[in-house]
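S.K.: structure for the following, please:
(one chain, ligands or ions: 1)
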Amino acid sequence: MNGSNTHLVDVYPYLPFTPDRGEGPWLFSGERRVLDLYGGHAVAALGYGHPDVMRALEEQARKLFFASNVVALDVRERAARRLAGFAQPHLDRVFFANSGAEANENALRLACRLTGRRRVIAIEHGFHGRTAAAAAVTWGALDKWYGFPRTPLEVDFIPRNDSSVAIELIDGETAAVILEPVQGQAGAFDLDADFVRTIAEACGRHGALLIADEVQSGMGRCGAPFAIDLYGVKPDMLTVAKSLAAGFPTSALLMGAEVARELRHGDLGTTFGGGPLACALIETVIDVIERDGLIDSVYALGGALRAAMPLGPVTGVQGRGFLLGLRCSRPARQVLSELLERDILVGASADPNVIRLLPPLNLERQHVDHFLAVLSTMQA
Ligand SMILES: Cc1ncc(COP(=O)(O)O)c(C=O)c1O
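M.R.: Numbering: from 1, shown residues only. Modelled structure (predicted):
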């Protein structure tokens with residue numbers, strides 16, 4: 001589809017598959033059916049056409065399609081209450097936005113403002129989005145696609161799992177450390193618990209804020225409500241998007257009362273964030289995750305996937321739950337293409353030898369078995 005017949009700017013290298021509908025974990029192109037273990041970058045949390053999602057969307061659309069933040073909405077209050085209840089107890093204040101980058105941009109802005117500092121620390125190979133501050137803390141962005149003449153922050157990067165550099169760099173000038181507990185784009189690389197705890201302690205000692213970017217790893221995907229829960233660490237702020245409304249564009253910035261108490265009217269804002277459709281779907285996603293025991297299921301099936309490796313071209317596994325990176329003996333692009341030829345869609349990553357699995361949270365055992373059976377037929 002890329003080429004001269006399109007009016008779209010040619011910035012995405014398309015896969016040779018053009019879906020026209022989806023059902024459960026399956027994408028269809030005419031008669032062809034493909035098992036989607038990619039979930040549209042971890043977005044299709046409940047697969048396609050989930051009845052609860054469809055019902056919530058239709059009911060809310062009929063009731064009130066949009067209302068801005070100049071009015072209070074019950075559905076917005078409910079979504080915030082449900083999301084705060086899903087997160088660690090101290091993260092009980094919510095600001096809704098539209099994308100992962102926007103949530104991170106606001107978290108970074110608040111960190112600089114509240115600490116009066118302008119230096120932020122990020123982790124090598126992390127990805128945080130494409131707006132000015134989010135991109136400034138994204139590894140490699142400045143060299144590849146950043147584009148702005150300067151960054152709004154001073155940024156230092158810590159090598160992954162290097163606690164001594166973390167201790168050296170985090171000091172009284174640090175506004176915040178931002179990290180993905182499981183680095184998604186990097187190939188579902190899960191940071192060591194000791195490293196994340198060392199960072200949290202150093203932040204605490206120096207009055208720097210810890211921002212957990214759970215845009216990709218959150219909403220039950222890692223086998224806990226949020227990946228940071230598995231690390232025994234309490235972040236000052238947490239951002240979430242992708243799976244949050246199962247495909248309806250939205251994001252949220254969660255924070256504790258001590259951060260929220262510093263905010264005044266007008267300090268944060270957005271037109272579409274916290275709209276009623278997104279909020280109805282956030283409520284529904286959390287309802288379904290809890291009602292159907294999806295976190296336990298992700299934990300169990302993620303464990304089954306992990307236990308089956310090495311298999312076929314896969315030599316090792318990283319990540320947690322349903323945010324898995326499968327390290328391959330051959331280039332990931334080659335393995336991805338061969339899987340797609342066999343009607344299974346997986347993701348690539350920034351690591352040329354790692355394919356990513358980010359399937360719907362309600363994937364079933366039979367789908368996992370199907371994937372493993374196909375993998376076992378492939379050349380090592
Ligand atoms: C961890 C992480 N943070 C932030 C973003 C940016 O999110 P968005 O594309 O919604 O702006 C992404 C997107 O891939 C991500 O994976």
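S.K.: count of neighbours near V335?
M.R.: By the measure other CB atoms under 10 Å, the count of residues near V335 is 24. The way it works is simple: take the backbone N, C-alpha and C, and place the C-beta from them, glycine included.
S.K.: same check, this time on P152
M.R.: 17.
S.K.: got the contact list for stretch 179-189?
M.R.: Around stretch 179-189, the neighbours that count as contacts under CB atoms under 8 Å, 6 or more residues apart in numbering are 42, 122-123, 125-128, 139, 160, 190-191, 196, 199, 210-217, 222, 227-228, 230-231, 318-320, 323-325, 327, 349-351, 354, 356-358.
S.K.: what mean pLDDT would you report for that stretch?
M.R.: Per-residue pLDDT values across stretch 179-189 average out to 98.
S.K.: which members of the contacts of stretch 179-189 occur in helices, if any?
M.R.: A42, V196, I199 (DSSP state H).
S.K.: near the ligand, which of the contacts of stretch 179-189 show up?
M.R.: Contacts with the ligand within these, counted by CB under 6 Å from any ligand atom: F127, H128, D213, V215, Q216.
S.K.: by neighbour count, which of these wins?
M.R.: Ranking those using other CB under 10 Å puts D213 first, with 33 neighbours.
S.K.: burial check on the nearest residue to that one once chain neighbours are set aside, number of neighbours?
M.R.: Nearest residue to D213 in three dimensions, chain neighbours excluded: E180, at 4.8 Å (CB to CB, 6 or more residues apart in numbering). Residues near E180, counting by other CB under 10 Å, number 29.
S.K.: farthest-separated two in the ones next to the ligand among the contacts of stretch 179-189?
M.R.: Farthest apart among these by CB to CB are H128 and Q216. That separation is 10.3 Å.
S.K.: any shared contact partners between the two?
M.R.: G100, E180.
S.K.: that older thread, looking at the ones next to the ligand among the contacts of stretch 179-189, which are in strands?
M.R.: With DSSP state E as the criterion, strands contain D213 from among those.
S.K.: including distance to F148 and pLDDT, could the ones next to the ligand among the contacts of stretch 179-189 go into a markdown table?
M.R.: Listed next are those as a markdown table, based on distance: CB to CB, whole Å; pLDDT from 0 to 100:
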| residue | distance to F148 | pLDDT |
| --- | --- | --- |
| F127 | 17 | 98 |
| H128 | 15 | 98 |
| D213 | 20 | 99 |
| V215 | 21 | 98 |
| Q216 | 24 | 98 |
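S.K.: need the pLDDT of A134.
M.R.: The model's pLDDT for A134 equals 98.
S.K.: following the host helix or strand of it, which helix or strand comes up?
M.R.: For A134, the element it lies in under DSSP states H and E is helix 132-136. Using DSSP H and E, the helix or strand that follows helix 132-136 in sequence is helix 141-144.
S.K.: and the helix or strand following that next one, what does it pack onto?
M.R.: The helix or strand immediately downstream of helix 141-144 is strand 154-158, counting by DSSP H and E. If contacts are counted by 3 or more CB pairs under 8 Å, 6 or more residues apart in numbering; DSSP states H and E, strand 154-158 sits against strand 119-123, helix 163-169.
S.K.: compute the inter-axis angle for the shortest one and strand 154-158.
M.R.: Computed with axes from the mean of the first three to the mean of the last three CA atoms, to 10 degrees, the direction of strand 119-123 lies at 30 degrees from that of strand 154-158.
S.K.: partner strands of strand 119-123 and their direction?
M.R.: The strands beside strand 119-123 in its sheet (DSSP bridges) come out as strand 154-158 (parallel), strand 174-179 (parallel).
S.K.: now, of those, which is deepest in the fold?
M.R.: The highest average neighbour count among the strands paired with strand 119-123, using mean count of other CB atoms under 10 Å, belongs to strand 174-179 at a mean of 27.
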